[in-house]
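Colleague: The sequence isn't on hand, but the structure is:
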């Protein structure tokens with residue numbers, strides 16, 4: 001994957017939960033901004049801070065999503081939390097490897113794009129379907 005290839009936000013990424021969709025769209029914005037900034041900046045401290053910002057936002061988003069899952073009784077909450085923790089752990093490892101010059105910017109971007117698209121289109125979609133089927137008023 002070319003490091004400069006950005007994610008194009010489309011309705012395919014929407015899972016039907018307004019707050020989650022908004023957060024996902026912002027996550028895409030952060031990934032795309034990271035792609036741009038890593039390409040043009042020579043300031044390693046700034047690049048590390050951008051990676052840290054993205055990691056912190058991911059943590060916020062995961063907590064927010066998990067709280068909604070808990071509130072609505074989503075049966076896949078435990079597995080979903082585990083997937084979120086794995087991502088944060090892997091991302092933190094990759095950021096540390098990047099600081100040590102053992103991970104490239106291109107590898108981190110590829111990881112983020114692959115993870116976001118797979119997770120949103122498959123795992124988060126299950127939560128959206130659950131919400132639609134179980135919390136929509138029946139007529």
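Modeller: Nice, thanks for sending it over. Here the structure is a predicted model, which is why all the values come from computation and not from measurement.

Colleague: Let me see the contact set for residue 129.
Modeller: residue 16 (Cβ atoms under 8 Å, 6 or more residues apart in numbering). Placement of C-beta: from N, CA and C, glycine included.

Colleague: Is it part of a helix or strand, or is it coil?
Modeller: State at residue 129, reduced to three classes by DSSP: H, G, I helix; E, B strand; the rest coil: helix.

Colleague: could you measure it against residue 74, distance?
Modeller: As judged by Cβ to Cβ, to the nearest Å, residue 129 and residue 74 stand 10 Å apart.

Colleague: now swap in residue 7 and tell me
Modeller: 25 Å.

Colleague: Ok, residue 37 next?
Modeller: Separation of residue 37 from residue 74 (Cβ to Cβ) stands at 35 Å.

Colleague: do residue 128 as well
Modeller: Residue 128 is 10 Å from residue 74, by Cβ to Cβ.

Colleague: do residue 135 as well
Modeller: For residue 135, the distance to residue 74 - Cβ to Cβ - is 10 Å.

Colleague: quick one, which of those two is more surrounded?
Modeller: Applying other Cβ atoms under 10 Å to residue 135 and residue 74 shows that residue 74 carries more neighbours, namely 18 against 10.

Colleague: How is the more buried one assigned, secondary-structure-wise?
Modeller: Three-state assignment for residue 74 (three-state DSSP): coil.

Colleague: check contacts around it.
Modeller: Taking Cβ under 8 Å, 6+ apart as the test, what residue 74 contacts is 80, 127, 130-131.

Colleague: Also residue 38?
Modeller: Contacts here follow Cβ under 8 Å, 6+ apart; on that basis residue 38 touches 3, 47, 50, 105, 109.

Colleague: Would you point out the most distant pair within those residues?
Modeller: Pairwise distances across those (Cβ to Cβ) peak at 14.0 Å, for the pair 3 and 50.

Colleague: which SS class is residue 16?
Modeller: Per three-state DSSP, residue 16 ends up coil.
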